[in-house]
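*Asks:* I'd like to go over a predicted model; first the sequence, then the structure.
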Amino acid sequence: MPKLTLNSQSINTQKILFIIIFVLLASSIFLGVKYFAVQKELKEIKTTLGIQEINEKVLDFSKFFIEKILMGEEEVGFEERLKLENAVRNLNDEKILAQWNKFVESETEAEAQTEVKNLLEMLINKIKI
């Protein structure tokens, strides 16, 4: 019966294969950990971006509202009212939209002033840092 012997060249080949497999396994684990870390970071960035977009919409609406309603010297025209209505709907906030409707449907100047204060407070509270 022939004897199986391992020569030094075979042992070196096995060592090289073992090192290659170990390096591949270690790099796969490292890349997997990095992948999940980047996924977590991406989720945080998307959340931050969403907050930033909401803040920008709220600030744009607030600026336009202050410019046209509070600082305006003349009656607000149809086109500006339409822009304001679209901007407030674009905020996608039912409470702010309801408060906007209360303001728009105000019958007296005192009621309108109260509703404006409530609307501005809601807009400020909507902004997140």
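*Replies:* Thanks, I have the structure now.
*Asks:* how about residue 44, what does it touch?
*Replies:* If you count contacts by C-beta atoms under 8 Å, 6 or more residues apart in numbering, residue 44 has none. C-beta here means a position set from N, CA and C on the backbone, and glycine is covered the same way.
*Asks:* Which pLDDT does the model give it?
*Replies:* On pLDDT, residue 44 comes in at 96.
*Asks:* Where does it fall, secondary structure wise?
*Replies:* helix 8-65 (DSSP states H and E).
*Asks:* Quick check: buried residues in stretch 116-129?
*Replies:* Buried residues in stretch 116-129, counted by 16 or more other C-beta atoms under 10 Å: 116, 119-120, 122-123, 126.
*Asks:* Filter the residues you listed down to the ones in helices?
*Replies:* Residues of those located in helices (DSSP state H): 116, 119-120, 122-123, 126.
*Asks:* Tell me which residues touch residue 62, please.
*Replies:* The neighbours of residue 62, taking C-beta under 8 Å, 6+ apart as the test, are 120, 123.
*Asks:* no wait, residue 96
*Replies:* By C-beta under 8 Å, 6+ apart, the contact list for residue 96 reads 88, 119, 122-123, 126.
*Asks:* Of the residues you listed, just say which sits nearest to residue 12.
*Replies:* residue 126 (68.6 Å; C-beta to C-beta).
*Asks:* The closest one touches residue 58, doesn't it?
*Replies:* Yes: the pair residue 126 / residue 58 is scored as a contact, 5.0 Å apart, by C-beta atoms under 8 Å.
*Asks:* Spell out which residues are contacts of both of those two.
*Replies:* residue 91.
*Asks:* I would like the residues contacting stretch 122-129, please.
*Replies:* Outside stretch 122-129, the residues that touch it by C-beta under 8 Å, 6+ apart are 51, 54-55, 58-59, 61-62, 65, 91, 93, 95-96, 99.
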